[in-house]
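>>> sequence first, then the predicted structure:
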Amino acid sequence: MDYQSLAKKILVGVGGTENICSLVHCATRLRFKLKQPELADSEALKSLEDVIAVINSGGQFQVVIGNQVGDVWQAITAITGHTTKTQGEAGGRKETLLARLIDIVSGIFTPFIGVMAASGIMKGLLALAVACGWLATEGGTYQIWYAASDALFFFFPLFIGYTAGQKFGGSPFITMVIGGALTHPLMIKAFETSQAGDGSETFFGIPVVFINYSSSVIPIILASWVSCMIENRVRPRLPLAVKSFFTPVICLVTVVPLTFLAIGPLATWLSHLLAGGYELIYHFAPWLAGAALGAAWQICVIFGLHWGLVPITFNNLAVFGQDSMLPMVLPAVLGQVGAVLGIFLYSKDPRQKALAGSSFSAGIFGITEPAIYGLTLPLRRPFIIGCVAGSLGGAIVGFYASHTYSFGLPNIFTLVQIIPSSGIDSTVWGAFIGNAVAVLVGCLGTYCWGRRQPLASNLSAAATPIVQPAMGPADLTPKSLTVLSPMMGQVIALSDIPDPTFAGGLLGQGVGILPDKGEVRAPFSGTVESLFLTKHALGLRSEQGIELLIHVGIDTVKLAGLPFTAHIAEGDSFTAGDLLLTFDCQAITDAGLSLVTPILVTNSDEFSEVNCLGVGDVAEQQPLIMIKA
């Protein structure tokens, strides 16, 4: 992957550097907050080879990259200088509370999500080593590794203070110092003293309630917000010569005591209220909570909404020292892993099989976006089966009351994070059973019921010319629909289209045509649903309900419409054979772009079969695709 080149293309696709309010990334996706989201070109971004999907949800414009997202993020920030610092409200529009919550949570936690997952894995492996008798907790080896695994969580307020300061538009080092004050040895000692009943402390006569803020989340977030609010009001009013050091003085002198006196106790109360509310729901019916989470988690992942649930996990760990949500989420991940394994086993399409193999390996480590966007969601049935598998597995995990004792991404290593200090018990076996059920149901369900005849399997490997008689009106019954060829040229299989988004069937089933001349004619009678501004692509709808995308060439959006002439407009009606579009073949090839034109039935899932009638040479208005309702 050419990160610099991809970064430049993504910047163009999101409307340019000046359209970016903020940018962070999580495990697989870039999360932009844009001033004017309507300036972003989603279709152009989706057409990029290294972009898996584009989603506008939760107040964020999300570009799904996959495992290499960190390198792409670095390339973009090297060009723009943007990190997480917000530059005003996006487009002057008010956001919903949920959108703001997701934006804040993802902005604060995603910068260190990798080391957070690593720390959780280390904790789980240490628990396994102790349970198996390989290490003793009194030994130096265990203690050194435990310190490495626990440092992030013990000093959570420092790390969150830094990223929260960036997110709220203040100095991250000021808010980091506030986090350091919360975990300072003197404050921890004062807490231990107050717990032992050896007296109380005051601040200018005001009693201080000391709380152990190690591993806490909500107190430092609220304190950082207050600090940034004060900083942004004080800094502009101070003389230039002193603002660099008097601003931090004012923030620290006011916010640190305020945190110990009011913000901390209030936030701790809110933390316990949130944890208590979750536990009340969980204990009402743990199996039902597991079934609901297992079914809904991947749907939330699609829209990036899962970050709205992440604080509950952190809060449970901070309040109770254990969490029941993460174990119930893991079957949702492994259900999709099982689904792509089923696709891998039944598929005879080499490209689809390769994609399933790579998606499987990424999925077991918690990265399900390649599986979802590349395979299970476009095929629909495997995605639904994966969600059902996750629901069944989550119900079993909830029934056995499995818990994790450290945070991590939901992946195969979560299974070692569920081992309690007392050793392996029924909660551990329940988690293993639930996740095994999720994988098996996802795999067997997809293998047996998730198949959909891929278009490529209906294409002859040989270049057999299409020689079909023209079909009359009597042949077009409601159960048998025909798409005529919109151009003359050579038909190629969907899997051979030189673009993974089209070849993987992400946008629908169909074929590609390498055109002999620059004309696109109507493949049926219907209306123009969409005409791209750059005129390189058309969205058509037939009178029988077929939705067809004709995308002339690969990456031709880059040509800004110059080689294309539209002979219709959005909303126009047409009959089969009408001239819709003309284009300059030579200009496209001179620009170094492929002329291969994907012709895709974008609502393929609404039909029982979408079959190509052959490959090879085809003339205009000859039958190309047969569809059964």
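Great, that's in hand.

>>> walk me through the domains of this protein.
3-95, 155-283, 286-449, 458-628 (automatic domain parsing).

>>> deepest of these, which one?
Compared across the domains of the chain, domain 286-449 shows the largest average neighbour count, a mean of 23 (mean count of other C-beta atoms under 10 Å). Placement of C-beta: from N, CA and C, glycine included.

>>> for the stretch 351-500 of the chain, which spans come out with low pLDDT?
Applying pLDDT under 70 to the predicted model, the residue ranges of the stretch 351-500 of the chain that meet it are 351, 451-480.

>>> in it, which spans are strands?
In chain order, the stretch 351-500 of the chain shows strands spanning 480-484, 489-492, with DSSP state E, counting those that start in this stretch as the criterion.

>>> and the shortest one, how far out from the chain middle?
Pointing back at strand 489-492 there. The chain centroid and the centroid of strand 489-492 are separated by 35 Å, computed with C-alpha atoms, centre = their mean, to the nearest Å.

>>> what's the next helix or strand after it in contact with?
Toward the C-terminal end, the helix or strand that comes next after strand 489-492 (DSSP states H and E) is helix 500-503. Applying C-beta atoms under 8 Å, 6 or more residues apart in numbering, the contact partners of helix 500-503 are 46-47, 49, 51, 351, 374, 494-497, 507, 512, 551, 554, 598, 600.

>>> please repeat the previous calculation with a cut-off of 6 Å.
Lys46, Ser495, Ile497, Pro598 (C-beta atoms under 6 Å, 6 or more residues apart in numbering).

>>> specify the beta-bridge partners of the nearest residue to the first one once chain neighbours are set aside.
Read it as Lys46. Distance criterion C-beta to C-beta, 6 or more residues apart in numbering; nearest residue to Lys46, sequence neighbours excluded, is Val54 at 5.3 Å. In this structure, Val54 bridges to Val63 when assessed by DSSP bridges.

>>> pretty sure Val54 sits against Ser42.
Yes - in terms of C-beta atoms under 6 Å, Val54 counts as a neighbour of Ser42; the distance is 4.6 Å.

>>> low-scoring stretches of the stretch 51-200 of the chain, by residue?
Screening the stretch 51-200 of the chain residue by residue with the criterion pLDDT under 70, one finds the ranges 57-58, 67, 81-99, 197-199.

>>> save the contacts of helix 500-503 as JSON lines, and put in distance to Gly294 too.
Written out in JSON lines, the entries for these read as follows (distance: C-beta to C-beta, whole Å):
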{"residue": "Lys46", "distance to Gly294": "29"}
{"residue": "Ser495", "distance to Gly294": "32"}
{"residue": "Ile497", "distance to Gly294": "35"}
{"residue": "Pro598", "distance to Gly294": "35"}
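
>>> which one of those sits closest to Gly423?
Nearest to Gly423 among those: Lys46, at 49.4 Å, using C-beta to C-beta.

>>> next, format the strands of the stretch 351-500 of the chain as CSV and append distance to Gly205.
CSV is the format used below for the strands of the stretch 351-500 of the chain (distance: least, C-beta to C-beta, whole Å):
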stretch, distance to Gly205
strand 480-484, 82
strand 489-492, 82
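
>>> closest one to Ala147 among those strands?
Between Ala147 and those, the shortest gap by C-beta to C-beta is with strand 489-492, which sits at 58.5 Å.

>>> check which helices and strands the closest one sits against.
strand 509-515 (3 or more C-beta pairs under 6 Å, 6 or more residues apart in numbering; DSSP states H and E).

>>> show me how far whichever helix or strand comes after the strand it packs on is from its chain's centre.
The helix or strand immediately downstream of strand 509-515 is strand 519-521, counting by DSSP H and E. On the basis of C-alpha atoms, centre = their mean, the separation between the geometric centre of strand 519-521 and that of its chain is 37 Å.

>>> what's strand 519-521 in contact with?
Residues outside strand 519-521 that contact it (C-beta under 6 Å, 6+ apart): Pro486, Met487, Ile550, Gly577, Leu579, Leu580, Leu581, Thr582, Glu620.

>>> among the domains of the chain, which is nearest Ala129?
Distances from Ala129 to each of the domains of the chain were compared using C-beta to C-beta; the shortest belongs to domain 286-449, at 9.4 Å.

>>> first vs last residue of the closest one, how far apart are they?
When the termini of domain 286-449 are compared using C-alpha to C-alpha, to the nearest Å, they are 29 Å apart.

>>> same check, this time on stretch 482-498
Start and end residues of stretch 482-498 are separated by 25 Å (C-alpha to C-alpha).

>>> residues in contact with that stretch?
Where contact means C-beta under 6 Å, 6+ apart, the residues beyond stretch 482-498 that reach it are 349, 351, 455-456, 459, 471, 503, 510-516, 520-521, 523, 550, 554, 594, 596, 598, 615, 617-626.
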